[in-house]
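*Asks:* Give me coordinates for this.
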Amino acid sequence: MRPRAAIVVTGSELVRGERTDRNGPFLAGRLLLLGVDPARISIVGDDPGELGAALGIALDADLCVVSGGLGPTHDDRTVELVARVAGRALVLDNALREEIGSVSRRIAERLRRPYSDFELGVRKQATLPEGALSLGIVGTAPGFVLETERAPVVVLPGPPAELQQLWPRALDTEPLRRVLERARKPARRVLRFYGASESAIAKALADAGGERDGVVATICARDFEIHVDLLVDPGAAARGDEVERGLAEPLAEYLFTRDEQRVEEIVLEACRGRGWSLATAESCTGGLVAARLTSVPGSSAVFLGSVVAYSNSVKHSELGVSPALVETHGAVSAEAAAAMAAGARKRLGADVAVAVTGIAGPEGGTAEKPVGLVFLHAETPEGGHGIEFTLPGDRETIRSRATVAALHLVRRLLARNSHKDV
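*Replies:* Residues are numbered from 1 along each chain as shown. Purely as a prediction, here's the structure:
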C-alpha cells in the first residue's frame, strides 16, 4: 500500500478568496509522481485553533507537508503550532539567523531603514522546533523537516517560487527518503486532446476497461483541451499500454500531443520547422494569443508581433480592413477575420497569421450576433481557413477559450489537418 500524505496550506488570504492556492496542487502532483498518495489538501486561515487542529489531523497520515505562515509577523504561526502539535520546544538556530540576517540587512540598506527594524523578525524566522532539519532559505522564510513520533513534517514557505525551490531539498532529507522507500513510483503516460468532449474521453476509457490492475487515470478539462494522465504502477506496463491505445485510437483526430508540450510551443515549433514567421491580429482577445506565444522562451525566432485592433478605425489603418467590408458584414464576421489575418501578414511581413474577432460581452450582443460569438481565421503561404463558434461563459472565459481556439486553428492548419470542428 502506498504511503499517504496530508497537505496543509495556511493563509487567511486563501480562505477569503483573495488569492488562489497554487501550492497544494503542486505538492499533490509531485507526491503522486513519487508514488505517495495525496490523501487531502486542507486550506486553513491563520487562526491558531483552526491551524493547530488541521495539523493534528494531518499527522495521522504517513507524511505531512505544510506551506505558508513562516514570515516575521505576528500572524505567521506555523512554526510555533507545528512545535506544539509535535511536543517540541522552540530553539534559535544561530546559523539560520545569520543567513536570514544577511538578506535582511541588504533589504534594510535598499529601503534606507535601520536593521533594528528587522531584527525581531529575523530572530522569529530563525527559531525552529527542536530537532528540525533546516532546508535553508530562498527569500527570508526558511523551510525545514521535522521527524515526529507520528509522521515526518515538511514545512515550506508560502510563496510558490520559494516553495518549489526548497521542495527538492526536502526530498533529500533522511525522513523523506524513508517515506519514499515505501512508495511505488508510477510511470506516467500523458495524452492531450482538443475538440473531444469529456464524455467521449470517459467512454473511451470505459471501453478500454477503465481504471484497474495498477492503472489510474485522471481526466482534466482545461478550456477546450482535455488532459489525460495515466499513472501506471510497476509491473502494470502491459495494462497501461492497453488503456493508452484504448484512448488514443478512437480519438486519434483529437489527440494533439503525448507529452506536456503546450499548444503554443507546438505552433512555434511547426513554424520554425518550415522556416515561417508568425503574427497575430486580435480584437476581442486583446493580445492574449500573442501573450501565450511570447510566454515560450525563444519565441522571438518565429513570432514577429501582434496588432491589437480593437476599434474599427485601427482595423482599417493598421490592418487594411476596408470600412465597406465592416459596413456590409460587421467587425465581428468571417470576412473581417479573414481581412485581419491578411492584413497582419502584409503589415508585419509574416508568413503565417491568425486573427480573432468576437463579442466577449457582457454587452454588445444582438439576436443575430450574440455574446460569445467568435470568428477566427488563419493564413499560411499554402492557404487559409476560418471558423465560427459561439462560446458560453463570462467575458474572461470567452476570451480565454477564443485564445486557445486560435492557437489550435493555427496548429491544425500547419499540420494540414482540415478537421472541421474547433
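*Asks:* show me where the stretch 151-300 of the chain has strands.
*Replies:* Under the criterion DSSP state E, counting those that start in this stretch, the stretch 151-300 of the chain contains strands at 153-156, 187-194, 215-222, 225-232, 255-257, 278-282.
*Asks:* Tabulate the ones you listed in CSV, adding columns for distance to residue 55 and mean neighbour count.
*Replies:* Backbone N, C-alpha and C define where each C-beta goes, glycine included. As requested, these are arranged in CSV below (distance: least, C-beta to C-beta, whole Å; neighbours: other C-beta atoms under 10 Å):
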stretch, distance to residue 55, mean neighbour count
strand 153-156, 8, 27
strand 187-194, 31, 20
strand 215-222, 28, 15
strand 225-232, 28, 21
strand 255-257, 40, 18
strand 278-282, 48, 30
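*Asks:* Output the ones you listed as JSON lines; include the columns mean pLDDT.
*Replies:* JSON lines is the format used below for those (pLDDT from 0 to 100):
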{"stretch": "strand 153-156", "mean pLDDT": "98"}
{"stretch": "strand 187-194", "mean pLDDT": "96"}
{"stretch": "strand 215-222", "mean pLDDT": "91"}
{"stretch": "strand 225-232", "mean pLDDT": "96"}
{"stretch": "strand 255-257", "mean pLDDT": "97"}
{"stretch": "strand 278-282", "mean pLDDT": "98"}
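*Asks:* Kindly reformat these as CSV containing distance to residue 104.
*Replies:* Output for the strands of the stretch 151-300 of the chain, formatted as CSV (distance: least, C-beta to C-beta, whole Å):
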stretch, distance to residue 104
strand 153-156, 20
strand 187-194, 41
strand 215-222, 40
strand 225-232, 42
strand 255-257, 45
strand 278-282, 44
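*Asks:* Please identify which of those strands is closest to residue 396.
*Replies:* Ranking the strands of the stretch 151-300 of the chain by their distance to residue 396 (criterion: C-beta to C-beta) puts strand 215-222 first, at 14.2 Å.
*Asks:* Could you check the angle the closest one makes with strand 225-232?
*Replies:* 160 degrees (axes from the mean of the first three to the mean of the last three C-alpha atoms, to 10 degrees).
*Asks:* who's in contact with strand 215-222?
*Replies:* With contacts defined as C-beta atoms under 8 Å, 6 or more residues apart in numbering, strand 215-222 is touched by 186, 198, 201-202, 205, 210-211, 226-233, 236, 239-240, 243.
*Asks:* What about residue 112, how many residues nearby?
*Replies:* Neighbour count of residue 112, defined by other C-beta atoms under 10 Å: 6.
*Asks:* got it, and residue 312?
*Replies:* 16.
*Asks:* Any idea which of the strands of the stretch 151-300 of the chain gets closest to residue 350?
*Replies:* Checking the strands of the stretch 151-300 of the chain against residue 350 by C-beta to C-beta gives strand 278-282 as the closest, at 3.7 Å.
*Asks:* name the helices or strands packed onto that closest one?
*Replies:* Applying 3 or more C-beta pairs under 8 Å, 6 or more residues apart in numbering; DSSP states H and E, one finds that strand 278-282 makes contact with helix 263-274, helix 288-294, strand 303-308, helix 334-348, strand 352-358.
*Asks:* any chance of these in TSV, with mean pLDDT, distance to residue 45 and mean neighbour count too?
*Replies:* Shown next, in TSV, are the helices and strands packed on strand 278-282 (pLDDT from 0 to 100; distance: least, C-beta to C-beta, whole Å; neighbours: other C-beta atoms under 10 Å):
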stretch	mean pLDDT	distance to residue 45	mean neighbour count
helix 263-274	97	37	20
helix 288-294	98	33	22
strand 303-308	98	40	20
helix 334-348	98	48	23
strand 352-358	98	40	30
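*Asks:* Switch these over to JSON lines; also include distance to residue 153.
*Replies:* Shown next, in JSON lines, are the helices and strands packed on strand 278-282 (distance: least, C-beta to C-beta, whole Å):
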{"stretch": "helix 263-274", "distance to residue 153": "38"}
{"stretch": "helix 288-294", "distance to residue 153": "39"}
{"stretch": "strand 303-308", "distance to residue 153": "46"}
{"stretch": "helix 334-348", "distance to residue 153": "55"}
{"stretch": "strand 352-358", "distance to residue 153": "49"}
